[in-house]
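Colleague: Predicted structure and sequence below. I'll ask about it afterward.
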Amino acid sequence: MNTLYISRTGRIMLDENNNPKPFDRSRSAIDDVFFVKEDTKIVFERGEYKAELEAKAGDIVVTFYEEQFPNRVIVVNNEQWKENLEAYEVWEQEQNLKWAEKKSDPCCDCCENCCKSC
């Protein structure tokens with residue numbers, strides 16, 4: 001079996017005998033990613049291209065900006081990607097709450113004399 005090593009600086013494919021082989025990345029051209037939280041009909045239009053798809057709760061809708069792709073919009077069902085998107089939403093909500101708490105604190109850090117109790 002081949003083994004593909006992917007790092008921050010590049011990638012290399014080794015065949016079953018550990019000989020390196022070329023491995024090019026694929027063109028992504030991803031325009032947007034949408035996480036669908038409930039069953040949804042998708043109507044996509046870009047210029048002359050039109051498509052209608054259905055997505056189930058937990059699916060991911062991916063749109064592409066290059067006209068060379070025959071499918072400019074697709075629906076993906078992948079538990080790991082879903083888990084990533086859900087985890088990011090939780091993290092983002094936590095960051096928003098921290099920001100809101102800091103902004104609502106009457107004792108701000110705008111100056112040393114703002115709050116004598118600090």
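Modeller: Noted; the coordinates are in hand. Numbering: from 1, shown residues only.
Colleague: C-alpha from now on. contacts and neighbour counts both.
Modeller: OK.
Colleague: Contact partners for Leu53?
Modeller: Leu53 makes contacts with 41-43, 74-75, as judged by Cα atoms under 8 Å, 6 or more residues apart in numbering.
Colleague: among those, which are in strands?
Modeller: Among the contacts of Leu53, the residues falling in strands (DSSP state E) are 41-43, 74-75.
Colleague: which among those residues end up buried?
Modeller: When the ones in strands among the contacts of Leu53 are checked for burial by 16 or more other Cα atoms under 10 Å, the buried set is 74-75.
Colleague: that older thread, please render the contacts of Leu53 as a markdown table that adds pLDDT to the earlier fields.
Modeller: A markdown table is the format used below for these (pLDDT from 0 to 100):
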| residue | pLDDT |
| --- | --- |
| Lys41 | 98 |
| Ile42 | 98 |
| Val43 | 98 |
| Ile74 | 98 |
| Val75 | 98 |
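Colleague: Arg27: which of these is nearest?
Modeller: Ile74 (15.3 Å; Cα to Cα).
Colleague: And stretch 58-77, what's buried?
Modeller: Applying 16+ other Cα under 10 Å to stretch 58-77 flags 58-64, 72-76 as buried.
Colleague: One more: stretch 77-96?
Modeller: Within stretch 77-96, the residues that qualify as buried are 82, 85, counting by 16+ other Cα under 10 Å.
Colleague: Convert the C-alpha atoms of that stretch to PDB, please.
Modeller: Extracted C-alpha coordinates of stretch 77-96, given in PDB (Å, rounded to 0.1, in the frame of the first residue of the first chain):
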ATOM      1  CA  ASN A  77     -21.800  13.700   4.000                       C
ATOM      2  CA  ASN A  78     -18.700  13.300   6.100                       C
ATOM      3  CA  GLU A  79     -18.800  12.700   9.900                       C
ATOM      4  CA  GLN A  80     -15.200  14.000  10.400                       C
ATOM      5  CA  TRP A  81     -15.800  17.200   8.500                       C
ATOM      6  CA  LYS A  82     -19.100  17.700  10.400                       C
ATOM      7  CA  GLU A  83     -17.300  17.200  13.700                       C
ATOM      8  CA  ASN A  84     -14.800  19.800  12.700                       C
ATOM      9  CA  LEU A  85     -17.500  22.300  11.800                       C
ATOM     10  CA  GLU A  86     -19.400  21.700  15.000                       C
ATOM     11  CA  ALA A  87     -16.300  22.000  17.100                       C
ATOM     12  CA  TYR A  88     -15.400  25.300  15.400                       C
ATOM     13  CA  GLU A  89     -18.900  26.600  16.000                       C
ATOM     14  CA  VAL A  90     -18.500  25.800  19.700                       C
ATOM     15  CA  TRP A  91     -15.100  27.500  19.900                       C
ATOM     16  CA  GLU A  92     -16.400  30.500  18.000                       C
ATOM     17  CA  GLN A  93     -19.400  30.800  20.400                       C
ATOM     18  CA  GLU A  94     -17.000  30.600  23.400                       C
ATOM     19  CA  GLN A  95     -14.900  33.400  21.900                       C
ATOM     20  CA  ASN A  96     -17.900  35.600  21.300                       C
END
